[in-house]
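# Compute the structure for the input listed below.
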Amino acid sequence: MIRIFVFLILYSFSFGQLRDIPEVVTKVATSTANWLKLETSARAIGMGGAHVASGRGISGIPYNPASAAFIESSEAYFSAVNYLAGIQHGVLSYGRKMGPSDYVGLHLFYLDSGPMAVTNEYYPDGTGEDFRVVSTAFRTTYARKMTDRLKVGGSLNYIRDVIYEADMQVIAFDIGSNFDTGIYGVMLGMSITNFGPEVQYNGESLHITVPDTINVDERVSKITTKFPLPLVFRLGIEDEIIGPNSVFIKNSQHSLKVSIDGIKPNDFTVYSTMGLEYSWQNLAFARMGTHIGHDTAGLSAGAGLKVRLGKMVALVDYAFVDYDLLRATHQVSLGIEF
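Sure, this is the predicted structure:
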């Protein structure tokens, strides 16, 4: 087992080295709606984004829809982030166990750029008018426990992006699975997210009034190019090194889990993420992780606290990630199980 982990760690580092090879084409800026790749779970962020195998419950479905099959009864989840350059984004979601093997979830992601000045060729410093970029993604998820070791799930996503008076909207899909290999406690996760058609922006702000001397009907329209969505493939593992279910070191009070993901977007080279999560009596949590080969994100860390409130359980999580020259971001989330 040690050999397996050493191989995976070395393989993860090799992912990160690909982007340093001049011959490798990264395909940066060849997809649209890249906000769909933003991290949405405070637990995942604290672990460097390594979440395709370790996701549990409704907060994990943007990484792997099969995560919904870990819901014990009902869950609600909320998060808020003060992102870079005044951008804010957050999540509101709900999931429920519908039967012995069936689970459903609703997941809303929103992003608000904050006010920005409208400029044009005549007023490069601003016209006095402001605009915002408002982006939303609404997921409906169904997951099923196929066996006691295999869980599968899928999401139907409505995606909308509004930039001033131009917008786009599209339907996309996510699929994923989570499999308990039965080999040294290793959990294997896999997902494909944002699978959908190419999209094109349209709207009033793409129409231009022209002089009467030009032989057109007073207006011409800018035709924007179609771009694909940021399709992302994830493959990862999770294992409990110390804990009540560990095959290595049994401990009823302390737990240590390790997660490693390999990630391949259609607009970047392969990169990887690694994370650790320590818990004490499954009530207090400390996390750390790193992004290997990512263009901006680096080290991350986080913490969590689980509080029992009668028949309900509240889980408060905090995480930050270092974006180097772009500075760090902070995220707080609240999850409720009932």
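# that's a helix at Ala69, yeah?
Yes - using DSSP: H, G, I helix; E, B strand; the rest coil, the assignment for Ala69 is a helix.
# can you count the residues close to it?
By other C-beta atoms under 10 Å, the residues close to Ala69 number 28. Backbone N, C-alpha and C define where each C-beta goes, glycine included.
# just Gly185 next, same as before
Residues lying near Gly185 (other C-beta under 10 Å) number 18.
# Ala33 versus that one, what's the distance?
The gap separating Gly185 from Ala33 is 37 Å, by C-beta to C-beta, to the nearest Å.
# Val321 now?
21 Å.
# Likewise for Gly126?
Gly126 is 26 Å from Ala33, by C-beta to C-beta.
# next one: Gln200
12 Å.
# More neighbours: the two, which one.
A count of neighbours by other C-beta under 10 Å puts Ala33 above the other of Gln200 and Ala33, at 21 against 13.
# can you give me phi and psi for the more buried one?
phi 60, psi 50 (degrees, to the nearest 10).
# and it, what is it in contact with?
Neighbouring residues of Ala33 by C-beta atoms under 8 Å, 6 or more residues apart in numbering: Ser135, Ile159, Asp161, Met168, Asn194, Val199, Leu229, Pro230.
# go again using 7 Å as the cut-off
Residues in contact with Ala33 (C-beta atoms under 7 Å, 6 or more residues apart in numbering) are Ile159, Asp161, Leu229, Pro230.
# same question, Val321
Shown in contact with Val321 (C-beta under 7 Å, 6+ apart): Ile45, Ala297, Ser300, Ala328, Thr329.
# Skip the chain neighbours and tell me the closest residue to it.
Nearest non-adjacent residue to Val321, counting by C-beta to C-beta, 6 or more residues apart in numbering: Ser300, 4.0 Å away.
# And that neighbour, how close does it get to Tyr83?
Distance, Ser300 to Tyr83, using C-beta to C-beta: 14 Å.
# now do Ala53
For Ala53, the distance to Tyr83 equals 26 Å [C-beta to C-beta].
# Compare these two and say which is more crowded by neighbours.
The residue with more neighbours, out of Ala53 and Tyr83, is Ala53; 30 against 20, by other C-beta under 10 Å.
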